[in-house]
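S.K.: Got a predicted structure plus its sequence, pasted below:
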Amino acid sequence: MALPQTAPTTLPILNNKGGIGKTTTAVNLAAGLARAGQTVLVVDLDSQVSASLSLGLSRDQLSPSVADVLFGDANVEDAIRTLDADPVDLLPASLDLANADVSLFNADDRHHRLARLLDEVEPLYDFIFLDCPPSTSLLTLNAMVAGDALLIPVSPAYLALEGVVRLGEVIKQARDSLNQTTPVLGLLLTMVDREIENTEAVISQIRTYYGEKVFSTEIRHDDSLVRAAEQGRSIFAQSPASPGADDYAALASEVYERAQQHRVSSSSPAASSQHERGTTDLR
Ligand SMILES: Nc1ncnc2c1ncn2[C@@H]1O[C@H](COP(=O)(O)OP(=O)(O)O)[C@@H](O)[C@H]1O
Ligand SMILES: [Mg+2]
């Protein structure tokens, strides 16, 4: 199904916990939207470079990276790659990103540099996904400033409700320190395996507490997603008939719909006053 083109939407994939499916979501959601005819860029902001490797780059292909762009050593257009296996563009990470906090610390634009750099390429894309590191570093704050709305993966296996509430506090602190309120597009349940004890209870708690903020699509636990990442391809290129492909295709439709609604509401006066008031948690 081809979806009509839209104004660009930049979505940070954010959670200060690691290993809960951020990178897998950035890569496969991007590929799902690309397969529906959207133009999509993935920006890898993690010095672990997992999104870059998962999309098929090797370690000796990472230069120029987003670090070179952020530190003024490369133009953003020159650092963006097209890929062999998937119709997605990639701005790769590199190990130097680990120094970003130190390098940016004294810069006047330390919170806004990424947003300014992405301004140049935003007109080229329908969606830009920012794969964030598992920390509240300056890079994550840059992603929040550059983002139109946050997408927050949550794994019921690793994160009970208290963890989600804590994440809400972290996001509130970041919003306060930036004096800016990036809304939450949605919470995404990842690596869902109902065979694991308590999974059902944790999911129902999260759904009760956060209501419609939680995407109705759940990403099931599926080892095909691990294999696709190891092969440097999206799940659509590697295993198009897998549960992971079905789930990320369903998520792509849901994200597209929410992004449309978000664009409409953020351009209306009522919504912008709500935007100024800000929200104090993920709801
Ligand atoms: N739905 C899933 N089913 C099975 N394995 C998954 C799933 N999502 C992610 N993984 C695997 O779990 C590990 C951590 O996922 P990743 O997306 O890298 O998390 P993060 O970016 O939050 O650190 C990776 O090996 C990834 O392939
Ligand atoms: Mg990651």
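M.R.: That came through fine. Computed from a predicted model, the values in this text were never measured in an experiment. Ligands and ions are numbered 1, 2, ... in the order given.

S.K.: helix, strand or coil for the spatially closest residue to Leu97 that is not a sequence neighbour?
M.R.: Once flanking residues are discounted, Leu97 sits nearest to Ser47: 3.9 Å by CB to CB, 6 or more residues apart in numbering. All C-beta atoms are positioned from the backbone trio N, CA, C, and that covers glycine. Secondary structure of Ser47, reduced to three states by DSSP: H, G, I helix; E, B strand; the rest coil: coil.

S.K.: Which strand residues bridge the residue lying closest to Ala143 once chain neighbours are set aside?
M.R.: Counting by CB to CB, 6+ apart, Ala143 lies nearest to Pro12, which is 3.9 Å off, once chain neighbours are set aside. With DSSP bridges as the criterion, Pro12 is bridged to Leu130.

S.K.: Near Pro12, how many other residues are there?
M.R.: 28 (other CB atoms under 10 Å).

S.K.: dump the residue contacts of it.
M.R.: Under the criterion of CB atoms under 8 Å, 6 or more residues apart in numbering, the contact list for Pro12 reads 129-130, 132, 140, 143-144, 146-147, 150-151, 182.

S.K.: Which one (most neighbours) among those?
M.R.: Going by other CB under 10 Å, Leu130 tops the contacts of Pro12 with 31 neighbours.

S.K.: Just to check, Asn28 is in contact with Phe236?
M.R.: Yes - judged on CB atoms under 8 Å, Asn28 makes contact with Phe236 at a distance of 7.5 Å.

S.K.: can you tell me which residues contact the residue of the stretch 51-200 of the chain found nearest ligand 1?
M.R.: Here the residue of the stretch 51-200 of the chain nearest ligand 1 is Met191; by CB to the nearest ligand atom that distance is 4.4 Å. Counting by CB under 8 Å, 6+ apart, Met191 makes contact with 20-21, 155-158, 219-221.

S.K.: min pLDDT across those, which one?
M.R.: Ranked by pLDDT, the contacts of Met191 bottom out at Tyr158 (67).

S.K.: Can you give me the distance of the residue in the stretch 101-250 of the chain that ligand 2 sits nearest to to Glu230?
M.R.: Here the stretch 101-250 of the chain gets closest to ligand 2 at one residue, Asp131, 6.0 Å apart by CB to the ion. Asp131 sits at a distance of 17 Å from Glu230 (criterion: CB to CB, to the nearest Å).

S.K.: Alright, that wraps it up for me.
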